[in-house]
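>>> please work out how this folds:
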Amino acid sequence: MERRTGFTLVELLVVVAIIGVLIGLTLPAVQSVRESARRSECSNNLKQIGLAAQQYHASHGKLPPGNSARTAGVCPGRQVPGVDTPSEDRANWAILLLPYLGQEVLYRSYNHNEPNEAPINKEVRETRVPTYVCPSDRDTNVLTVPAFGPAASWAMNVAYMPGSYRAVSGKSDGQRFLDASMDAEGYPADWRGPIHLVGVYGFVPESFKAVRDGLSNTLMVGESVTKTNPEMRTLWAYSFGHYSLSAVTPQSRVLSGDYAACRAAGGPGAVSPCRRLWGSFHPAGINFLLCDGSVRCYSPEIDVDLLAALATIEGEEVVVAPE
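Below you'll find the predicted structure:
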């Protein structure tokens, strides 16, 4: 009888097992390469933002304001003593940098004479700008209604497209912040960062000359993502408070990249610091743009007092930004 050649069932199972082992060995390496590419793209995004900020400074002699608020008024959970009129926020730093990021047409569609939440500014609010999105961030194509501020109080619940980066407004103590009109009062002047709220309490945009701590030792923009509570995430075009800029609080819980975990950890200032958390989906750490245009990746385990010192422009702390 003629003998037929081929694989036995046992041999086939062995081959399948070997292939499975090889896939198991190579998959982490492939994922690592992909993540490395995403982190590099994120770093390049921040470098582009840095170049745009430098071009804005060259044109205007100053950096863009974090949020140009016309009035300090009533927002949900943010009653300003003696004020009973609605709060009006206008363009923020991310909107003002659009012309320098190849988004001139989108920038021209924004009406600076109307509130940020006005219907006429819907196109800007609902547009995804690739430079403002880290490729490792999640659900960046999903329109989001914020939990706080004027947009949350409008009858139709105004939605925004997410972003991944917030400007650094300075240092805080967990209760006072220069990124929200109500909290700015009583804020120590030497706590301010390069990009912060202007227009309500007499604060004005900063120039590079004001960065006395050194451009290479001062943070400008950083990653801010959250694994939970999407209504608290970064919304690049939203001009209210912490949604597009944040202070650095010397509390380790704000580097979790997870709003729910930050709240659960507890700490001074109730939940306010958690709204301004910094975080990233990169295993290596959080990318930050410095005022000199460089980008550095800092571990979530970084000394929070050091990070807070790097957030000020003239705190005169004796620190050097880690490489």
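>>> only C-alpha atoms from now on, for both contacts and neighbour counts.
Fine.
>>> tell me what the helix ranked longest in the chain is packed against?
When every helix of the chain is counted residue by residue (DSSP state H), the longest turns out to be helix 9-60. Using 3 or more C-alpha pairs under 8 Å, 6 or more residues apart in numbering; DSSP states H and E as the contact test, the elements touching helix 9-60 are strand 286-290, strand 295-298.
>>> output the first one as PDB, restricted to C-alpha atoms.
As requested, C-alpha coordinates have been extracted for strand 286-290 and formatted as PDB (Å, rounded to 0.1, in the frame of the first residue of the first chain):
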ATOM      1  CA  ILE A 286       4.400  62.700  30.800                       C
ATOM      2  CA  ASN A 287       5.700  65.000  28.000                       C
ATOM      3  CA  PHE A 288       6.200  68.700  28.800                       C
ATOM      4  CA  LEU A 289       7.100  71.600  26.500                       C
ATOM      5  CA  LEU A 290       9.400  74.100  28.100                       C
END
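>>> what is the rounded mean pLDDT of it?
The pLDDT scores in strand 286-290 average 98.
>>> which residues of this protein fall in helices?
Counting by DSSP H, the helices of the chain are 9-60, 93-96, 104-108, 122-125, 150-153, 259-265, 304-310.
>>> quick one: which of these is nearest P162?
Closest to P162 of the helices of the chain, according to C-alpha to C-alpha: helix 122-125, at 9.2 Å.
>>> what distance separates that closest one from the middle of the whole chain?
Between the centre of helix 122-125 and the centre of its host chain there is 19 Å, according to C-alpha atoms, centre = their mean, to the nearest Å.
>>> next: stretch 237-252.
Distance of stretch 237-252 from its chain centroid, counting by C-alpha atoms, centre = their mean, is 8 Å.
>>> now the longest helix of the chain, how far from the chain's geometric center?
Counting by C-alpha atoms, centre = their mean, helix 9-60 is centred 21 Å from the centre of its parent chain.
>>> how about the contacts made by V129?
G163 (C-alpha atoms under 8 Å, 6 or more residues apart in numbering).
>>> can you check what pLDDT the model gives it?
V129 carries a pLDDT score of 98 in this model.
>>> distance of it from P135?
From V129 across to P135, the span is 12 Å (C-alpha to C-alpha, to the nearest Å).
>>> just G66 next, same as before
Separation of G66 from P135 (C-alpha to C-alpha) stands at 24 Å.
>>> you'd agree P150 is up against E117?
Yes - the pair P150 / E117 is scored as a contact, 7.1 Å apart, by C-alpha atoms under 8 Å.
>>> just checking, what packs against the longest strand along the chain?
Secondary structure of the chain read by DSSP state E shows that its longest strand is strand 165-171. Strand 165-171 sits against strand 219-223, strand 245-248, helix 304-310, with contacts defined as 3+ C-alpha pairs under 8 Å, 6+ apart.
>>> give me that answer again for 6 Å
If you count contacts as 3 or more C-alpha pairs under 6 Å, 6 or more residues apart in numbering; DSSP states H and E, strand 165-171 packs onto strand 219-223, strand 245-248.
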